[in-house]
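[1] Any chance you can model this:
(chains A and B)
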Amino acid sequence: MNFPHSELAAQWITLLAAGMLVIQMLMVVQGMLLTNIRLFALQSLMLAAIAAIIAFFHNAPHVYWVAGLTIVGKVFFLPWLLNRQVRRMQIHQEIEPLFNSTASMVLCGAFTLLGYIVARPFTSLERLGNNTLGIAITLLLTGFFLMFNRRKAITQVLALLTVENGVMLAAVALTTYGMPLVVELGIFFDVMVAVMVLGILVYRIRETFASMDVNKLSQLKG
Amino acid sequence: MVLVLLLAVPLLAGLLCLVIRPRVWWERLNLAAFVIVAGLAVLLGQDVARPGGPGRVLALNGWLQADALSALVVGLTAFVALACAIYAVGYFRRDLQEGRITEAQLRHYYVLAPLFVCAMLLAPLADNLGVMWVAIESTTLASVLLVTFYNHKTSFEAGWKYIIIGSVGISLALFGTVITYSSAVGVLGADTHHGMNWSVLVGIADKFNPTAMRLAFVMVVLGYGTKAGLAPMHTWKPDAYSEAPVPAAALLGAGFINCAIYSIMRFDVLAEKCLGHEFPSRMLVGFGLFSILLAAPFVLVQRNFRRLLAYSSIDHAGIMVAALGFGGRLGFLGAVLHMLFHAVTKPLLFFCAGNVQQQFSSPYFRKVRGVIHTLPWTGTLFLLGAFAVTGTPPFSLFQSEFITLSAALADGRSWTAALFVLGVVTIFVGFLLHMSKMNLGAAQEAVPRAAECPWKFGAMALVSAVVVTFSLWLPAPLFELVKQSVHILGGAS
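    Have a look, this model is predicted:
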């Protein structure tokens, strides 16, 4: 890359991507829903910062849009929405996860390793930073693990959103310029609507089952 | 112009239903919209199939593009949507009458169904793979509230499973799309504006980094395969199909499945160009065969006829993907024909199942006997549909299954072919066992003979007329579309 300061940009991006990974790990061991929502907002802020750095150093003004949308949607709007829902339903704590925090931590370490192994053949393709694709795949895997490990509907929604953060990280890291703006807008719109639809469902499940525990959803079989 | 109208008409109809009040107008608006969409789809098909023409239609600066394969999927979606709209009128009137739903609930259906169809039409019309992804994700969002339509405990369970499993799958598909796009950026350089357009990608696919393409293809097949209901990512399907109201289940099971398979087809063309036949083929045949073989025992021991239809749909998704995997002209022909014939046959079964469930107030085989005495037309057509959907010789699905089998043998996979036959025959036996027990036999005393509802019967008559016609004769323009689609799958853009 022959851009000025691109060395500096690469270092910043690597640092922020690593920060996203650390936050993901914190979410895996954290049981308080409200804290988890804040952690997610912080992770999204880092993603937005990565997008802004790319836009600045690589003269790709439309990537600012990605940064802006991420800040508006994932740093402010969605955390606010989820926060309101948690407060309204008076549920603050996760129930006992399948794996306790130590086991989850070890497993997530293994996922990180796996993510890096899968990403290794692609280091030549990565345009930015050194570890971004590995981290993106790790976010994907740990996000799925988080979804499987926790039984509260809202945590599953948060896990889905962190997976989405991972995919967006891959999108900016692999291509420098992000995707065409129409696609970014479409994805943004879909994520917003998805969380709202999930919110409606969580609310109705809560009304019908008097619980947000997904384990109770187990009547349909065969 | 046609392309824009195809999307605008259902979108408008859905939004109008949000504000208009009396129920009759929701029904009229939906019917009118889907009649127009069907007409536009026919126009589009003729445009694309016209001999000597460019073979594709563009709109909005190339953001929308329809070639033969897109036109075919659009046509099938339009057909299923129209049949469902006719059926829905009768089905929901009865639900209202019997107090199963309120008018406020009913509005959800008439608003969401057109939006769902709009998203289903956007998927094949979008040239940009990112937009295609957005469309597929939108279909999930539009349909999940249709799955939870009845507000039962079980419907929420089905809805939650549907959206969570679907979202996991769809995020994998997005990851795969992003990796494909990054390979394209590597080849095209900084010209990223068109780097996500399939028509551009297909020309440069042979220059992609094979490692990246392999990872991308795995993710895309897992992702869109989840939406198509391939085993082992199929677990949402029986729940969603049995809990959704019948017209919505038919939209999912006969309409949406094509969009998901279509997405896999587009990526398969890219993967075959980049990686050769071996890798994509092995993967698709593996998933396809596993789906067929997994569905077979579940069909045999099934106790609920709505869930039976879901397992049949898993089986058919498997057949389409396996045919695609066998490849060659025969395999592609099998895949395209199977998609076509499955989409025109499946709604009939959903409609009959809906009639039976409403009449006998139960979806369980053990509570339903002698349908043919209570509802003579439904019983007869249900048997006809069962023969058609299992691929019994006079019906068209036999042709496509036979072509698929020949493709397997031509590809030199005799063991795979044997397992394929085993699965298909088991499902045939299971289906007929259940269907003959349910439809034939002595009449039940408790359930009196009933008149067929004209709306529901109209929809069933329309679909069965098409099923019977297609088993004897395929209209020339349609066959032209199929031939061109096979050509496209073969890698000629």
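
[2] what ranges do the helices span in chain A?
    Counting by DSSP state H, chain A has helices at residues A:6-29, A:33-57, A:62-70, A:78-89, A:101-119, A:132-149, A:153-175, A:181-209.

[3] Put together TSV for those helices, with mean neighbour count, distance to chain B and mean pLDDT on each row.
    Just so you know, the C-beta spots here come from the backbone N, C-alpha and C atoms, and that holds for glycine as well. What follows is these, written out as TSV (neighbours: other CB atoms under 10 Å in any protein chain shown; distance: least, CB to the nearest CB, whole Å; pLDDT from 0 to 100):
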stretch	mean neighbour count	distance to chain B	mean pLDDT
helix A:6-29	19	15	87
helix A:33-57	22	13	90
helix A:62-70	20	10	87
helix A:78-89	17	14	87
helix A:101-119	16	7	89
helix A:132-149	24	6	89
helix A:153-175	25	4	86
helix A:181-209	19	3	86
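
[4] and residue B:11, which of those helices is closest to it?
    helix A:181-209 (14.0 Å; CB to CB).

[5] on contacts alone, who are the packing partners of the closest one?
    helix A:62-70, helix A:78-89, helix A:153-175, helix B:129-147, helix B:153-188 (3 or more CB pairs under 8 Å, 6 or more residues apart in numbering or on different chains; DSSP states H and E).

[6] Any chance of a markdown table for the helices of chain A, columns distance to residue B:40?
    Conversion of those to a markdown table gives the following (distance: least, CB to CB, whole Å):
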| stretch | distance to residue B:40 |
| --- | --- |
| helix A:6-29 | 46 |
| helix A:33-57 | 39 |
| helix A:62-70 | 33 |
| helix A:78-89 | 37 |
| helix A:101-119 | 44 |
| helix A:132-149 | 39 |
| helix A:153-175 | 34 |
| helix A:181-209 | 23 |
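
[7] Pull out the buried residues from the helix or strand hosting residue B:338.
    Secondary structure from DSSP states H and E places residue B:338 in helix B:328-360. Neighbour-count burial for helix B:328-360 flags B:328, B:330-360 (criterion: 16 or more other CB atoms under 10 Å in any protein chain shown).

[8] what secondary structure does residue B:194 sit in?
    Classification of residue B:194 by DSSP: H, G, I helix; E, B strand; the rest coil places it in coil.

[9] Point me to the residue sitting closest to the centre of chain A.
    residue A:162 (1.7 Å; CA atoms, centre = their mean).

[10] Now do the same contact list for the nearest residue to it once chain neighbours are set aside.
    Taking CB to CB, 6 or more residues apart in numbering or on different chains, and ignoring the residues beside it in sequence, residue A:162 has residue A:143 as its nearest neighbour in space, at 4.5 Å. The neighbours of residue A:143, taking CB atoms under 8 Å, 6 or more residues apart in numbering or on different chains as the test, are A:24, A:159, A:160, A:162, A:163, A:166.

[11] Ok, residue B:378 next?
    B:352, B:355, B:356, B:359, B:371, B:452, B:460.

[12] Can you tell me the element it falls in?
    Using DSSP H and E, residue B:378 sits within helix B:376-389.

[13] Identify the farthest-apart pair in the contacts of residue A:143.
    The farthest-apart pair in the contacts of residue A:143, when distances are taken by CB to CB, is A:24 and A:160, at 13.1 Å.

[14] picking that back up, can you put the contacts of residue B:378 in JSON lines and add distance to residue A:53 and pLDDT?
    What follows is these, written out as JSON lines (distance: CB to CB, whole Å; pLDDT from 0 to 100):
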{"residue": "B:352", "distance to residue A:53": "59", "pLDDT": "93"}
{"residue": "B:355", "distance to residue A:53": "60", "pLDDT": "90"}
{"residue": "B:356", "distance to residue A:53": "61", "pLDDT": "90"}
{"residue": "B:359", "distance to residue A:53": "64", "pLDDT": "86"}
{"residue": "B:371", "distance to residue A:53": "66", "pLDDT": "85"}
{"residue": "B:452", "distance to residue A:53": "66", "pLDDT": "81"}
{"residue": "B:460", "distance to residue A:53": "60", "pLDDT": "91"}
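
[15] and of those, the nearest to chain A?
    Closest approach to chain A among the contacts of residue B:378 (CB to the nearest CB): residue B:356, at 19.4 Å.

[16] Excluding residues flanking it in the chain, which one is nearest that closest one?
    Distances taken as CB to CB, 6+ apart place residue B:371 nearest to residue B:356, at 5.6 Å, with adjacent residues excluded.

[17] cool, and residue B:41?
    Nearest one to residue B:41, counting by CB to CB, 6+ apart, is residue B:78 at 3.7 Å.

[18] thought that neighbour was touching residue B:35?
    No: Residue B:78 sits out of contact with residue B:35 when judged by CB atoms under 8 Å, with a separation of 9.6 Å.

[19] Pick out whichever of these two has more residues nearby.
    Neighbour count, other CB atoms under 10 Å in any protein chain shown: between residue B:78 and residue B:35, residue B:78 has more, with 27 against 15.

[20] Next up, the contacts around the more buried one.
    Going by CB under 8 Å, 6+ apart, residue B:78 touches B:34, B:37, B:38, B:40, B:41, B:121.

[21] And it, how close does it get to residue B:291?
    Taking CB to CB, to the nearest Å as the measure, residue B:78 falls 27 Å from residue B:291.

[22] same deal with residue A:73?
    For residue A:73, the distance to residue B:291 - CB to CB - is 36 Å.

[23] From the neighbour counts alone, determine which of these two ranks first.
    Shown here are residue A:73 and residue B:291; by other CB under 10 Å, residue B:291 has more neighbours (30 against 19).

[24] for the closest residue to residue B:188 other than its chain neighbours, phi and psi?
    Closest residue to residue B:188 apart from its sequence neighbours, by CB to CB, 6+ apart: residue B:195 at 5.3 Å. In terms of degrees, to the nearest 10, the main-chain angles of residue B:195 are phi -60, psi -10.

[25] shouldn't residue B:195 be in contact with residue B:185?
    Yes: using CB under 8 Å, residue B:195 is in contact with residue B:185, at 5.3 Å.

[26] Which one's more surrounded, these two?
    Per other CB under 10 Å, whichever of residue B:195 and residue B:185 has more neighbours is residue B:195, with 27 against 21.

[27] which residues touch that one?
    Contacts of residue B:195 (CB under 8 Å, 6+ apart): A:180, B:181, B:184, B:185, B:188, B:201.

[28] Tell me which residues touch the fifth one, please.
    Think residue B:188. By CB under 8 Å, 6+ apart, residue B:188 lies in contact with B:194, B:195, B:200, B:204.

[29] separation between the last one and chain A?
    This points to residue B:204. Residue B:204 is 15 Å from chain A, where distance means CB to the nearest CB, to the nearest Å.
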